[in-house]
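Undergrad: when you get a sec, could you give me coordinates for this:
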Amino acid sequence: MQGFRSTTFPRLPSATLGPMLDITFDPARIDVEAAHRFLRTSYWAQDIPLDVLRRAIAHSLCVAAFDHGAQVGFARLVTDRATFAYLADVYVLPDYRGQGVSRQLLAALLGHPEVQGLRRLLLVTRDAHGLYERFGFTPLAAPARFMERHDPAVYRAAAPSAVA
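TA: From the prediction side, this is the model:
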């Protein structure tokens, strides 16, 4: 999409970040290996193989935040760009938390022209309810209608075993 790849946002003053945070949708700029280093140790994507993450990113609308050229945050939407989206893999590196990076990532991603007018957006979170509430997310109105098929050990089961 033309003209919506990279944006520089003013950010709150900080001792660790420069005066501007670079937010991009450009797939060529997203550092998949950096995202993998973080996500493979996260509670929601623990042990995710790099090739699986590459496929997930390739089939999602992704956004990344950079400070001085280093990727410090990431988020992706799995979406048909017409009716539905699932927000996934939102992270900000620990040294950059509490400085508005996640809010800027989400504002850019949810403000993207290709995801306006969606009927439903879902996410799963263990600990960031306050952040997502700022963007209009609420607990499920009818949780009994939702079902899931969840295998939290799928990445460990798929990993090649070590050869002795």
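
Undergrad: residue 50: neighbour count?
TA: Using other CB atoms under 10 Å, residue 50 has 14 neighbouring residues. Heads up, the C-betas are built off the backbone N, CA and C, glycines and all.

Undergrad: and the closest residue to it other than its chain neighbours, how many neighbours?
TA: Take residue 50 and drop its neighbours on the chain: the residue closest to it by CB to CB, 6 or more residues apart in numbering is residue 36, 5.0 Å away. Residue 36: 19 surrounding residues under other CB under 10 Å.

Undergrad: pretty sure residue 36 sits against residue 48.
TA: Yes. Between residue 36 and residue 48 a contact is recorded at 7.2 Å, counting by CB atoms under 8 Å.

Undergrad: anything in contact with each of the two?
TA: Shared contacts of residue 36 and residue 48, defined by CB atoms under 8 Å, 6 or more residues apart in numbering, are absent.

Undergrad: helices or strands up against the helix or strand containing residue 78?
TA: In this assignment (DSSP states H and E), residue 78 forms part of strand 70-79. The contact analysis (3 or more CB pairs under 8 Å, 6 or more residues apart in numbering; DSSP states H and E) places strand 70-79 against helix 32-39, helix 50-58, strand 61-67, strand 84-92, helix 101-110.

Undergrad: pairing partners for that strand, with directions?
TA: Strands that pair with strand 70-79, judged by DSSP bridges, come out as strand 61-67 (antiparallel), strand 84-92 (antiparallel).

Undergrad: check the offset of it from the chain's centre.
TA: On the basis of CA atoms, centre = their mean, to the nearest Å, strand 70-79 sits 4 Å off its chain's mean C-alpha point.

Undergrad: what angle separates it from helix 50-58?
TA: Counting by axes from the mean of the first three to the mean of the last three CA atoms, to 10 degrees, strand 70-79 lies at 70 degrees to helix 50-58.
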